[in-house]
Each structure stands twice: as structure tokens, then as C-alpha cells.
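Asks: next comes the sequence, and after it the predicted model I'd like to discuss.
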Amino acid sequence: MREATEGGPIPAMALIGSGALMGFTMLAVMIGRGEGVGLTALPPARSVAQLDFRAEDQADGSIALRDAADRHLVALVRPGEDGFIRGTLRGLAQARQRAGKGPETPFRLTRLDDGRLSLSDAATGREVALEAFGDTNARSFARLLPEPGRPATETR
């Protein structure tokens, strides 16, 4: 009987076992995905409020958020304030730059009937589910939209 040497061939049973394990895993994933096992799907929701806006950098470092339709000021994000809004918009703007897109297409903030908020950029196709970042961060964007049943104010 030969002794196993370091760096020698892998025993056939180990290869067969690992191949069977990989095959079983791939089959389980395919069946699970096909049948929806373990997947969470949210029911479809309707938009109840929308705001199309442009973000304009100001000389003092603030960001003016202007309604895309009539250009009225929706909010002014001053330096050192609203870090989540600032960071999210910066990320979307950088994605536009990488894609070779300009600021012509407005961003869209949407409140859905189930309370979720979404920020989307039609120029790049990116969408940010704001509730994924917690209530406090989602509320920073929620204040830009009028509450259901209340008219929008000039600035917030």
C-alpha cells in the first residue's frame, strides 16, 4: 500500500463528493428561483405624490433643489446640512458623469401609497429605495413632497 504524499493526487471520492455538492447547490438555487422560494416581493404600489427636480450647485456651496416644471425653489441644502440628501444626489450626479449624461433630465422623487419613497434618475436608470437607509434619512427627502391631502409650500 502506498502512502499519500504531500501535493499528490486528490482522492477520487473527494472529487466526486465536491462535484455532487456543487451540482446539488446549483439545482437547489435554480428550483428556488424558479418557484420563488425564499424571495420577498413587495406588492405593487401606486404613486401618490411626485416631484421632478433639478439640483443646482450654488456659489456658497449650497444646493438649490428646483421644481423642474416651474423652477421654483423647493429646498436649499446648505453646506454642512442634510448630509444624506447631499450624498445621495452626489452619487447620482457622479453616475451621470460616468455615463456621459448632463443635468438636463430632472431627478424624480416619488411617494408610494404604502409609504415608501423612491428617488430615480431617468438619465442613468438608477433608482434609490430611500427607506432602505432608515426612517431619518428617508424623512430628509420626504419633507420635499407635500403630505397627502396638503398643498406643497414654496420652500421647506
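Replies: It's in. Numbers count the residues shown, from 1 in each chain.

Asks: what about the helices in the chain?
Replies: With DSSP state H as the criterion, the chain has helices at 12-35, 83-98, 135-142.

Asks: redo those helices as a markdown table? Include mean neighbour count.
Replies: (C-beta placed from N, C-alpha, C; glycine too.) As requested, these are exported to a markdown table (neighbours: other CB atoms under 10 Å):
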| stretch | mean neighbour count |
| --- | --- |
| helix 12-35 | 10 |
| helix 83-98 | 15 |
| helix 135-142 | 16 |
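
Asks: and those helices as TSV, adding mean pLDDT?
Replies: Compiled in TSV, the helices of the chain are given as follows (pLDDT from 0 to 100):
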stretch	mean pLDDT
helix 12-35	89
helix 83-98	93
helix 135-142	92
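
Asks: would JSON lines of those helices with distance to Ser118 be doable?
Replies: Listed next are the helices of the chain as JSON lines, based on distance: least, CB to CB, whole Å:
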{"stretch": "helix 12-35", "distance to Ser118": "25"}
{"stretch": "helix 83-98", "distance to Ser118": "12"}
{"stretch": "helix 135-142", "distance to Ser118": "9"}
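
Asks: what's the span of stretch 75-94 from first residue to last?
Replies: End-to-end distance of stretch 75-94: 21 Å, with CA to CA, to the nearest Å as the criterion.

Asks: off-centre distance for that stretch?
Replies: 15 Å (CA atoms, centre = their mean, to the nearest Å).

Asks: about what we covered before: between the helices of the chain, which one is closest to Glu56.
Replies: Taking CB to CB, helix 83-98 is the member of the helices of the chain nearest to Glu56, at 10.6 Å.

Asks: of all the helices of the chain, which lies closest to Leu112?
Replies: Comparing the helices of the chain by CB to CB, helix 135-142 comes nearest, at 11.6 Å.

Asks: contact partners for Arg33?
Replies: Leu39 (CB atoms under 8 Å, 6 or more residues apart in numbering).

Asks: from Ser18, how far off is it?
Replies: From Arg33 across to Ser18, the span is 23 Å (CB to CB, to the nearest Å).

Asks: likewise for Ala41?
Replies: According to CB to CB, Ala41 and Ser18 sit 34 Å apart.

Asks: re earlier: so which of the helices of the chain is nearest Gly115?
Replies: Of the helices of the chain, nearest to Gly115 by CB to CB is helix 135-142, at 9.2 Å.

Asks: what's in contact with that closest one?
Replies: Under CB under 8 Å, 6+ apart, the answer for helix 135-142 is Asp82, Phe84, Ile85, Thr88, Leu109, Arg111, Leu117, Leu119, Leu130, Glu131.
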